[in-house]
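Asks: Next input, structure requested:
(chains A and B)
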Amino acid sequence: AQKITQTQPGMFVQEKEAVTLDCTYDTSDQSYGLFWYKQPSSGEMIFLIYQGSYDEQNATEGRYSLNFQKARKSANLVISASQLGDSAMYFCAMREVYGGATNKLIFGTGTLLAVQP
Amino acid sequence: DSGVTQTPKHLITATGQRVTLRCSPRSGDLSVYWYQQSLDQGLQFLIQYYNGEERAKGNILERFSAQQFPDLHSELNLSSLELGDSALYFCASSPRTGGGGELFFGEGSRLTVL
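Replies: Modelled structure (predicted):
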(Lines give C-alpha, C1' and ligand atoms only; values in the text may rest on other atoms or scores of the structure.)
Protein backbone atom coordinates (compact mmCIF):
# COMPACT_ATOMS: atom_id res chain seq x y z
CA ALA A 1 0.00 0.00 0.00
CA GLN A 2 1.09 3.54 -0.66
CA LYS A 3 2.17 5.60 2.29
CA ILE A 4 3.51 9.07 2.97
CA THR A 5 5.47 9.74 6.15
CA GLN A 6 6.19 13.15 7.61
CA THR A 7 8.16 12.68 10.80
CA GLN A 8 8.32 16.32 11.91
CA PRO A 9 5.08 17.33 13.66
CA GLY A 10 6.34 20.88 14.08
CA MET A 11 9.30 23.07 13.24
CA PHE A 12 10.57 26.56 13.98
CA VAL A 13 12.65 28.67 11.63
CA GLN A 14 13.97 32.19 11.82
CA GLU A 15 12.75 34.66 9.27
CA LYS A 16 15.01 34.82 6.17
CA GLU A 17 16.55 31.42 6.88
CA ALA A 18 16.03 28.26 4.82
CA VAL A 19 14.11 25.27 6.18
CA THR A 20 13.72 21.68 5.03
CA LEU A 21 10.54 19.73 5.64
CA ASP A 22 10.97 15.98 5.43
CA CYS A 23 8.84 13.54 3.48
CA THR A 24 9.37 9.88 2.72
CA TYR A 25 7.06 7.71 0.68
CA ASP A 26 6.42 4.08 -0.03
CA THR A 27 5.08 2.71 -3.27
CA SER A 28 5.64 -0.29 -5.48
CA ASP A 29 4.79 1.61 -8.64
CA GLN A 30 7.42 3.00 -10.99
CA SER A 31 5.29 5.92 -12.10
CA TYR A 32 4.01 8.33 -9.47
CA GLY A 33 3.82 11.99 -8.59
CA LEU A 34 4.79 13.85 -5.44
CA PHE A 35 3.19 17.07 -4.26
CA TRP A 36 3.48 19.60 -1.49
CA TYR A 37 0.53 21.62 -0.27
CA LYS A 38 0.37 24.47 2.23
CA GLN A 39 -2.53 24.92 4.60
CA PRO A 40 -2.54 28.27 6.45
CA SER A 41 -4.65 28.83 9.51
CA SER A 42 -7.53 29.96 7.32
CA GLY A 43 -7.87 26.36 6.17
CA GLU A 44 -7.53 26.33 2.40
CA MET A 45 -5.15 23.90 0.69
CA ILE A 46 -2.67 25.65 -1.57
CA PHE A 47 -0.64 23.70 -4.14
CA LEU A 48 3.08 24.50 -3.95
CA ILE A 49 5.15 22.15 -6.06
CA TYR A 50 5.09 18.89 -8.02
CA GLN A 51 7.71 16.26 -8.86
CA GLY A 52 7.16 13.38 -11.25
CA SER A 53 8.94 10.12 -10.58
CA TYR A 54 10.65 10.25 -13.96
CA ASP A 55 11.73 13.87 -13.67
CA GLU A 56 15.50 14.00 -13.54
CA GLN A 57 15.72 17.55 -12.28
CA ASN A 58 14.48 18.61 -8.87
CA ALA A 59 11.38 20.76 -9.15
CA THR A 60 11.57 24.43 -8.20
CA GLU A 61 8.84 27.07 -7.84
CA GLY A 62 10.09 30.40 -6.64
CA ARG A 63 11.32 29.98 -3.06
CA TYR A 64 10.18 26.35 -3.00
CA SER A 65 12.29 23.47 -4.19
CA LEU A 66 11.77 19.75 -3.89
CA ASN A 67 14.80 17.66 -2.99
CA PHE A 68 13.90 14.40 -4.73
CA GLN A 69 15.99 11.34 -3.86
CA LYS A 70 14.35 8.44 -5.61
CA ALA A 71 16.56 5.68 -4.24
CA ARG A 72 15.86 6.83 -0.70
CA LYS A 73 12.19 7.46 -1.50
CA SER A 74 12.33 10.93 -0.10
CA ALA A 75 10.83 14.19 -1.38
CA ASN A 76 11.81 16.93 1.01
CA LEU A 77 10.51 20.47 0.61
CA VAL A 78 13.05 23.27 0.93
CA ILE A 79 11.79 26.78 1.58
CA SER A 80 14.43 29.43 1.10
CA ALA A 81 14.42 32.86 2.73
CA SER A 82 11.49 32.08 5.05
CA GLN A 83 8.84 34.73 5.51
CA LEU A 84 6.32 35.21 8.30
CA GLY A 85 3.59 34.30 5.83
CA ASP A 86 5.13 30.86 5.43
CA SER A 87 3.83 29.90 8.86
CA ALA A 88 1.35 27.12 8.07
CA MET A 89 0.81 23.39 7.98
CA TYR A 90 2.61 21.68 5.11
CA PHE A 91 1.46 18.41 3.60
CA CYS A 92 3.36 16.02 1.40
CA ALA A 93 1.19 13.94 -0.93
CA MET A 94 1.59 11.22 -3.52
CA ARG A 95 -0.36 10.20 -6.56
CA GLU A 96 0.04 6.88 -8.21
CA VAL A 97 -0.36 6.96 -11.96
CA TYR A 98 -1.91 3.64 -12.76
CA GLY A 99 -3.60 3.49 -16.09
CA GLY A 100 -5.21 6.86 -15.78
CA ALA A 101 -7.86 5.65 -13.38
CA THR A 102 -7.64 8.43 -10.84
CA ASN A 103 -5.63 11.41 -9.69
CA LYS A 104 -6.43 10.86 -6.04
CA LEU A 105 -3.73 11.93 -3.61
CA ILE A 106 -2.58 10.25 -0.42
CA PHE A 107 -1.46 12.75 2.19
CA GLY A 108 1.01 12.64 5.04
CA THR A 109 0.16 13.87 8.51
CA GLY A 110 1.69 17.27 7.92
CA THR A 111 4.36 19.48 9.48
CA LEU A 112 3.42 22.68 11.27
CA LEU A 113 5.97 25.36 10.43
CA ALA A 114 6.32 28.47 12.55
CA VAL A 115 8.46 31.31 11.22
CA GLN A 116 9.86 33.51 13.95
CA PRO A 117 10.77 37.18 13.41
CA ASP B 1 -8.49 31.58 -5.51
CA SER B 2 -8.41 28.00 -6.80
CA GLY B 3 -11.65 28.33 -8.76
CA VAL B 4 -13.30 25.55 -6.75
CA THR B 5 -16.32 26.75 -4.80
CA GLN B 6 -17.70 25.01 -1.73
CA THR B 7 -20.81 25.83 0.22
CA PRO B 8 -21.56 26.24 3.03
CA LYS B 9 -18.28 27.37 4.59
CA HIS B 10 -19.49 26.58 8.08
CA LEU B 11 -22.25 24.32 9.31
CA ILE B 12 -23.35 23.46 12.81
CA THR B 13 -25.86 20.70 13.35
CA ALA B 14 -26.95 18.08 15.83
CA THR B 15 -26.32 14.37 16.06
CA GLY B 16 -28.66 12.30 13.97
CA GLN B 17 -29.22 15.03 11.41
CA ARG B 18 -28.45 15.07 7.69
CA VAL B 19 -26.50 17.71 5.77
CA THR B 20 -25.53 18.31 2.17
CA LEU B 21 -22.25 19.89 1.13
CA ARG B 22 -21.97 21.36 -2.32
CA CYS B 23 -19.01 21.77 -4.63
CA SER B 24 -18.57 23.51 -7.95
CA PRO B 25 -15.34 22.47 -9.69
CA ARG B 26 -13.11 24.74 -11.73
CA SER B 27 -14.52 25.57 -15.12
CA GLY B 28 -13.76 22.70 -17.47
CA ASP B 29 -12.64 20.23 -14.80
CA LEU B 30 -14.40 16.90 -15.08
CA SER B 31 -13.18 15.23 -11.90
CA VAL B 32 -14.31 16.02 -8.38
CA TYR B 33 -12.71 14.57 -5.27
CA TRP B 34 -14.00 14.71 -1.70
CA TYR B 35 -11.67 14.64 1.30
CA GLN B 36 -12.30 14.71 5.03
CA GLN B 37 -9.81 16.37 7.36
CA SER B 38 -10.10 15.64 11.05
CA LEU B 39 -7.65 15.96 13.91
CA ASP B 40 -7.40 12.24 14.53
CA GLN B 41 -7.59 10.91 10.96
CA GLY B 42 -5.79 13.63 9.03
CA LEU B 43 -6.69 14.11 5.36
CA GLN B 44 -8.66 11.13 4.14
CA PHE B 45 -9.84 10.55 0.59
CA LEU B 46 -13.54 9.81 0.46
CA ILE B 47 -14.66 9.49 -3.14
CA GLN B 48 -14.03 10.69 -6.69
CA TYR B 49 -16.40 11.35 -9.57
CA TYR B 50 -15.44 11.80 -13.17
CA ASN B 51 -17.95 13.31 -15.56
CA GLY B 52 -20.87 12.08 -13.50
CA GLU B 53 -19.61 8.60 -12.74
CA GLU B 54 -18.02 7.28 -9.58
CA ARG B 55 -14.36 6.57 -10.33
CA ALA B 56 -12.63 5.84 -7.05
CA LYS B 57 -13.77 5.17 -3.53
CA GLY B 58 -11.84 5.61 -0.32
CA ASN B 59 -12.73 5.57 3.36
CA ILE B 60 -16.28 6.75 2.90
CA LEU B 61 -18.82 5.62 5.48
CA GLU B 62 -22.07 4.01 4.38
CA ARG B 63 -23.90 6.94 6.01
CA PHE B 64 -22.23 9.21 3.46
CA SER B 65 -23.03 9.41 -0.22
CA ALA B 66 -22.11 11.65 -3.09
CA GLN B 67 -23.05 12.38 -6.64
CA GLN B 68 -21.95 14.52 -9.54
CA PHE B 69 -24.59 16.20 -11.65
CA PRO B 70 -24.66 16.87 -15.41
CA ASP B 71 -23.43 20.42 -14.84
CA LEU B 72 -20.45 18.80 -13.02
CA HIS B 73 -21.18 20.19 -9.59
CA SER B 74 -21.09 17.63 -6.83
CA GLU B 75 -22.84 17.09 -3.53
CA LEU B 76 -21.72 15.13 -0.50
CA ASN B 77 -24.57 13.93 1.69
CA LEU B 78 -23.84 13.07 5.30
CA SER B 79 -26.62 11.41 7.27
CA SER B 80 -27.21 10.12 10.81
CA LEU B 81 -24.47 12.44 11.88
CA GLU B 82 -22.25 11.56 14.82
CA LEU B 83 -19.93 13.71 16.90
CA GLY B 84 -16.97 12.11 15.14
CA ASP B 85 -18.14 13.42 11.79
CA SER B 86 -17.10 16.91 12.82
CA ALA B 87 -14.38 17.80 10.35
CA LEU B 88 -13.31 20.00 7.49
CA TYR B 89 -14.62 18.58 4.23
CA PHE B 90 -12.73 19.50 1.09
CA CYS B 91 -13.70 19.26 -2.50
CA ALA B 92 -11.00 19.28 -5.16
CA SER B 93 -11.10 19.16 -8.92
CA SER B 94 -8.78 18.23 -11.75
CA PRO B 95 -9.12 18.37 -15.49
CA ARG B 96 -8.73 14.67 -16.19
CA THR B 97 -9.18 11.43 -14.39
CA GLY B 98 -5.53 10.55 -14.56
CA GLY B 99 -2.21 11.28 -16.14
CA GLY B 100 -0.98 14.33 -14.34
CA GLY B 101 -1.71 17.62 -12.71
CA GLU B 102 -2.37 18.76 -9.23
CA LEU B 103 -5.69 18.82 -7.47
CA PHE B 104 -7.21 22.24 -6.94
CA PHE B 105 -8.90 22.46 -3.56
CA GLY B 106 -11.82 24.53 -2.43
CA GLU B 107 -11.74 26.38 0.88
CA GLY B 108 -13.59 23.58 2.60
CA SER B 109 -16.81 23.21 4.53
CA ARG B 110 -16.33 23.05 8.27
CA LEU B 111 -18.92 20.79 9.86
CA THR B 112 -19.53 20.82 13.58
CA VAL B 113 -21.82 18.17 15.02
CA LEU B 114 -23.08 18.92 18.53
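
Asks: okay, how far is it across stretch A:61-75, tip to tip?
Replies: 15 Å (C-alpha to C-alpha, to the nearest Å).

Asks: ok but residue A:104 is inside a helix, no?
Replies: No - Residue A:104 sits outside any helix when classified using DSSP: H, G, I helix; E, B strand; the rest coil, being coil.

Asks: wait, it sits on residue B:47?
Replies: No - at 9.2 Å, residue A:104 and residue B:47 do not qualify as touching, with contact defined as C-beta atoms under 8 Å. To be clear about C-beta, it is placed using only N, CA and C from the backbone, and glycine gets the same treatment.

Asks: Need the residues touching each of those two.
Replies: Both residue A:104 and residue B:47 are contacted by B:33, B:56, B:58, under the criterion C-beta atoms under 8 Å, 6 or more residues apart in numbering or on different chains.

Asks: Out of the residues you listed, which comes closest to chain A?
Replies: Nearest to chain A among the shared contacts of residue A:104 and residue B:47 is residue B:56, at 4.1 Å by C-beta to the nearest C-beta.

Asks: and chain A, which of its residues are near chain B?
Replies: Contacts of chain A with chain B, taken as C-beta under 8 Å from any C-beta of the partner chain, map to A:33, A:35, A:37, A:42-47, A:50, A:52, A:91, A:97-110.

Asks: ok, and what's touching stretch B:40-48?
Replies: A:91, A:102-110, B:31-38, B:54-60, B:64, B:66, B:76, B:87, B:90.

Asks: whoops, I mixed them up, stretch A:3-10
Replies: With C-beta under 8 Å, 6+ apart as the criterion, stretch A:3-10 contacts A:21-27, A:91-94, A:106-114.

Asks: Mind giving me the PyMOL select for these, buried ones only?
Replies: Listed next is the PyMOL selection for buried residues among these, using 16 or more other C-beta atoms under 10 Å in any protein chain shown:
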select buried, chain A and resi 21+22+23+24+25+27+91+92+93+94+106+107+108+109+110+111+113
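
Asks: List the buried residues of stretch B:35-51.
Replies: Neighbour-count burial for stretch B:35-51, counted by 16+ other C-beta under 10 Å, picks out B:35, B:36, B:37, B:42, B:43, B:44, B:45, B:46, B:47, B:48, B:49, B:50.

Asks: now stretch B:54-73
Replies: Quick answer for stretch B:54-73 (16+ other C-beta under 10 Å): B:55, B:56, B:58, B:60, B:64, B:66, B:68, B:72.
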